[in-house]
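> Curious how this folds, go ahead:
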Amino acid sequence: MTELKGFIFDVDGTLVDSVGFHVEAWYSAFAEAGLAQGRAVIHDQIGKGGDKLVPYLLADEKLDAATLATMITRIDKRHSDIFREKYLHRVRTFPMAALLLNEIKSRGFKLGLASSGKGHEIRRYIALLGASDIVDTVITASDVEQTKPASDIFKSMLERLSLPVESLTAVGDTPYDIASANAVGLRCVALLTGAFQSNELGGAVAIYGDPAEMYENLDALILKLSS
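Numbering: from 1, shown residues only. So this is what the prediction gives:
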């Protein structure tokens, strides 16, 4: 048995209520590029960074490699700009998310944030959560070559924390969090706050409705993860 030593949290849709805003920003960015996508289709890809989301949604466009690369950069940047201008200031933390992080840290666990989001967005969320002094390390899209569901973000997190993978547990809200974590041997707890259903979150070791429910069941979860 390996002692549980830390948690690695996704941020968008897990600790902060931003998924709907990201859907709207992506919707506008694709529409402006003349490549309109449905909101439901976009939602199902939320959790990926632009490097993964954009090419997936443009797969049927039969673009040559150079054009696709240009469109990925263009649409990703436009999404980021729209999100920053119209939605970032409207994002709020989920109830008890900050309390959950503080409780975990107070118990002596390491605490990492691993996100496919942009660095400036995550910095704002850390401030909203009042977590600047308790988070041990942060990995964002800016720090890696590929975002989720590729394993780069969690690989980098493991290197920074320098702890056995068996002693850590990821927490996320999308199938891409689970796939990315599982790819490096990390267990993953899932929350339903990203609007994915339980049957879409296969591979999670536990599923909770939101950070408040995870907080309320933290003792039982830690016991389960330590057994």
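> pLDDT below threshold where in this structure?
1 (pLDDT under 70).
> just so I have it, where are all the helices in this structure?
Taking DSSP state H, the helices of the chain run over residues 19-32, 39-43, 50-57, 65-82, 97-106, 119-129, 152-161, 175-183, 211-216, 218-226.
> Turn these into TSV, columns for distance to residue 168 and mean neighbour count.
Heads up, the C-betas are built off the backbone N, CA and C, glycines and all. Shown next, in TSV, are these (distance: least, CB to CB, whole Å; neighbours: other CB atoms under 10 Å):
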stretch	distance to residue 168	mean neighbour count
helix 19-32	25	20
helix 39-43	28	14
helix 50-57	23	20
helix 65-82	29	16
helix 97-106	12	19
helix 119-129	19	18
helix 152-161	7	20
helix 175-183	9	24
helix 211-216	16	19
helix 218-226	10	14
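> Reformat those helices as JSON lines; add distance to residue 7.
JSON lines is the format used below for those (distance: least, CB to CB, whole Å):
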{"stretch": "helix 19-32", "distance to residue 7": "21"}
{"stretch": "helix 39-43", "distance to residue 7": "26"}
{"stretch": "helix 50-57", "distance to residue 7": "24"}
{"stretch": "helix 65-82", "distance to residue 7": "27"}
{"stretch": "helix 97-106", "distance to residue 7": "6"}
{"stretch": "helix 119-129", "distance to residue 7": "14"}
{"stretch": "helix 152-161", "distance to residue 7": "10"}
{"stretch": "helix 175-183", "distance to residue 7": "11"}
{"stretch": "helix 211-216", "distance to residue 7": "10"}
{"stretch": "helix 218-226", "distance to residue 7": "9"}
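> Go through the ones you listed and name the closest to residue 4.
With CB to CB as the criterion, residue 4 lies closest to helix 218-226 of the helices of the chain, at 4.8 Å.
> Which residue ranges make up each domain of the chain?
6-18+92-226, 19-89 (automatic domain parsing).
> any idea how far the last one is from the chain center?
Read that as domain 19-89. With CA atoms, centre = their mean, to the nearest Å as the basis, domain 19-89 stands 16 Å off its chain's centre.
> what's the first-to-last distance across it?
One end of domain 19-89 to the other measures 14 Å (CA to CA, to the nearest Å).
> so which of the helices of the chain gets nearest residue 201?
helix 175-183 (6.3 Å).
> and the closest one, how far out from the chain's middle?
10 Å.
> can you list the residues that contact that helix?
8, 10, 14, 47-48, 52, 116, 148-151, 153-154, 170-172, 187-188, 190, 196, 200-204 (CB atoms under 8 Å, 6 or more residues apart in numbering).
> Repeat that for stretch 159-168.
If you take CB under 8 Å, 6+ apart as the criterion, stretch 159-168 is touched by 2-8, 110, 112, 136-137, 139, 158, 184-187.
> List only those of those flagged as buried.
4, 6, 7, 8, 110, 112, 137, 139, 158, 184, 186, 187 (16 or more other CB atoms under 10 Å).
> Could you find which two of those residues are furthest from each other?
Spatial extent of the buried ones among the contacts of stretch 159-168 (CB to CB) is set by the pair 4 and 139 at 20.2 Å.
> All set, thanks.
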